[in-house]
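In: Just to be clear, the model below is a prediction. Sequence and coordinates:
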Amino acid sequence: MGGWSEGDIGDQGGRTVVITGANSGLGLRAATVLAGKGARVVLACRSRERGERAAAAVGGELVVLDLADLASVRAGAAEIRERTGDRVDVLIDNAGIPAGRLRRTVDGHESILATNYLGHAALTWLLMPALRAAGAARVVAVSSIAHRGRGFDVEDLNFERRRFRMASAYSQSKLAGLMFALELQERLRGEGSEVISVGAHAGFTGTEIGAAGARNQGLGAVAGPLNALTKALSQSVPEGTLPILYAATGPGVQGGDYYGPQKFGEFFRGVGPARLDARVHDRDVRARLWDRTAELTGVQPDPA
């Protein structure tokens, strides 16, 4: 598996892939590769302008969907189901925003949690009928090494009682995503579904997320230099996207698997099993997170 590359991806003709945040970075690379392999790729993006540009470059199609706005998530999910004939083979929950100042969404949620986790959980539940219709479909949660950080509190996900710390907010959102992925897998297995839920992370990859984080904190002057430094020290976007592509298409992938780079503490190079924080395996907390997610999003869990 360590030597696996884009060239090992088989023909994806006849398959429909939905990728959130596909107008840049890891999502754009995944969309480009999968479209090149024959897949029908739906780019779910917040910005119509950037999304249309990316869709044209990839040869895919755009659905405007803002993960931080649950009404937009519902509308986007309905549009995806209608356009695809209610059949989706792969859903890659990729979009994310970096650490930044405390902001609240239109639904009143902390913005990092809303974008990186709540919107994806809601979208996954809403698309589950389309995933089931495809048979052996896959849901890929794009996480981060940062999921091992501190700050998770299932009873105060929105930082209403705790002091807000941006690093904790980001780590919490990525840990929640992996907990959701494993809980989803358990429930899919329990109903005998062919759909599987897996996770992947990109290690230390030269995307624009560091610069975006600087701008979110009002540090626009350092965004450019930080971006240049990040790209100089990190692996390329094509390298970082490999674990995500493997999770989405690789042979032998099992529900509950988690993939990442293999060198230097999972920061660089290759594809293989990645280490999960022990908290991900706490079934009681995962079940509570599942229920809290339903409360916060107002979306009916599927499977229940």
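Out: That came in fine, so what should we check first? Residues are numbered from 1 along each chain as shown.
In: where along the stretch 1-150 of the chain do the helices fall?
Out: 25-36, 48-58, 70-83, 111-113, 119-133 (DSSP state H, counting those that start in this stretch).
In: And the contacts of the second one?
Out: Okay, so that is helix 48-58. The contact list for helix 48-58 (C-beta atoms under 8 Å, 6 or more residues apart in numbering) reads 22-24, 28, 31-32, 35, 41, 43, 45, 60-62, 64. Where C-beta positions appear, they are placed from N, C-alpha and C, glycine not excepted.
In: export these to a markdown table and tack on neighbour count and pLDDT?
Out: What follows is the contacts of helix 48-58, written out as a markdown table (neighbours: other C-beta atoms under 10 Å; pLDDT from 0 to 100):
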| residue | neighbour count | pLDDT |
| --- | --- | --- |
| Ala22 | 32 | 98 |
| Asn23 | 26 | 97 |
| Ser24 | 20 | 96 |
| Leu28 | 24 | 98 |
| Ala31 | 29 | 98 |
| Thr32 | 20 | 98 |
| Ala35 | 20 | 98 |
| Val41 | 28 | 98 |
| Leu43 | 27 | 98 |
| Cys45 | 29 | 98 |
| Gly60 | 23 | 98 |
| Glu61 | 16 | 98 |
| Leu62 | 21 | 98 |
| Val64 | 16 | 98 |
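In: which two from the residues you listed end up farthest apart in space?
Out: Distance extremes for the contacts of helix 48-58: the farthest pair is Thr32 and Val64 at 19.7 Å, using C-beta to C-beta.
In: which stretches of the chain have low pLDDT?
Out: Applying pLDDT under 70 to the chain flags the ranges 1-2, 206-234, 264.
In: Pull out the buried residues from the longest helix out of those in it.
Out: Scanning the chain for the helix with the most residues, using DSSP state H, yields helix 166-190. The neighbour-count check on helix 166-190 (16 or more other C-beta atoms under 10 Å) flags 166, 168-188 as buried.
In: Next: stretch 286-294.
Out: For stretch 286-294, by 16+ other C-beta under 10 Å, it's 286, 289-290, 292-294.
In: With stretch 268-283 instead?
Out: 268-272, 274, 276-277, 280.
In: Which members of the residues you listed occur in helices, if any?
Out: Going by DSSP H, the helices hold none of those.
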